[in-house]
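Trainee: Can you look at this prediction? I've put the sequence above it.
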Amino acid sequence: MKSLLLTGFIFLALTSSAFAQKAQKSGSASQTLNISFGDVIDIRFVSNDQKSGPLLQMIFNTADDYFNGIESPQQTLKVRSNKKFSVSVRAMNTLNGGNQSLPSFIYMKVPQNHTGGQIAAAFSNTTYQRLSNNNLVLLENGNKGDDQDFSVQYKAKPGSIVDPGVYNIDVIFTASPY
């Protein structure tokens, strides 16, 4: 009986030791992540994936160019936003390094709009609207998302109001939460 009791005691001691070793081989820890999401909005030209689009040159060589105007190729921009958005546009003229008011010969239309929003009342996808030094709403109520794109096209029609020279017109697009 002593040997049976001794065997039982040894068995219990070994079993307890095995459970104790298993418990010591594991552990746990936890951490709380505090994640803050802010408003994010970005606008870029698709052709170069930059905030500054490629240089467009419009060269007037004939009377037809001056009086009928020259159209640029379409320029596609994309907006990435986590909120609905609008896009406004304005133009600034620089002649020989000095800022001057914009000549009234630069026009723009929106031939394609894949933003889920609407082209603002002042603009159209078929007819050109004169640009201004003031912000004009171009698109309204665009959908949030990663790749909301639209295209613009310019037309310069100076007629006889512009003196010969090189005019640099900066067209500035601003995407804002709607």
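Mentor: Great, that's in hand.

Trainee: Quick check: Phe105 vs Ser132, distance?
Mentor: Noted for Phe105: a distance of 12 Å to Ser132, by C-beta to C-beta, to the nearest Å. For glycine as for every other residue, the C-beta is placed from the backbone atoms N, C-alpha and C.

Trainee: Among these two, which residue is more densely surrounded?
Mentor: Neighbours per residue (other C-beta atoms under 10 Å) separate Phe105 from Ser132, with Phe105 holding more: 18 against 15.

Trainee: So that one is in contact with Tyr154, correct?
Mentor: No - the pair Phe105 and Tyr154 does not pass the contact test of C-beta atoms under 8 Å, sitting 10.6 Å apart.

Trainee: Do you have the helices of this structure handy? List them.
Mentor: For the chain, the helices defined by DSSP state H occupy 2-24, 63-68.

Trainee: Least confident of those, on average?
Mentor: Ranked on mean pLDDT, the bottom entry among the helices of the chain is helix 2-24, at a mean of 52.

Trainee: List the residues that contact Pro158.
Mentor: 60, 66, 69, 103, 105 (C-beta atoms under 8 Å, 6 or more residues apart in numbering).

Trainee: what's the burial count for the residue nearest to the third one when sequence neighbours are not counted?
Mentor: The shortest distance from Gly69 to any residue other than its chain neighbours is 3.2 Å, reached at Lys157 (C-beta to C-beta, 6 or more residues apart in numbering). Applying the criterion other C-beta under 10 Å, we find 20 residues in the vicinity of Lys157.

Trainee: I figured Lys157 was touching Tyr107, is that so?
Mentor: Yes - in terms of C-beta under 8 Å, Lys157 counts as a neighbour of Tyr107; the distance is 6.7 Å.
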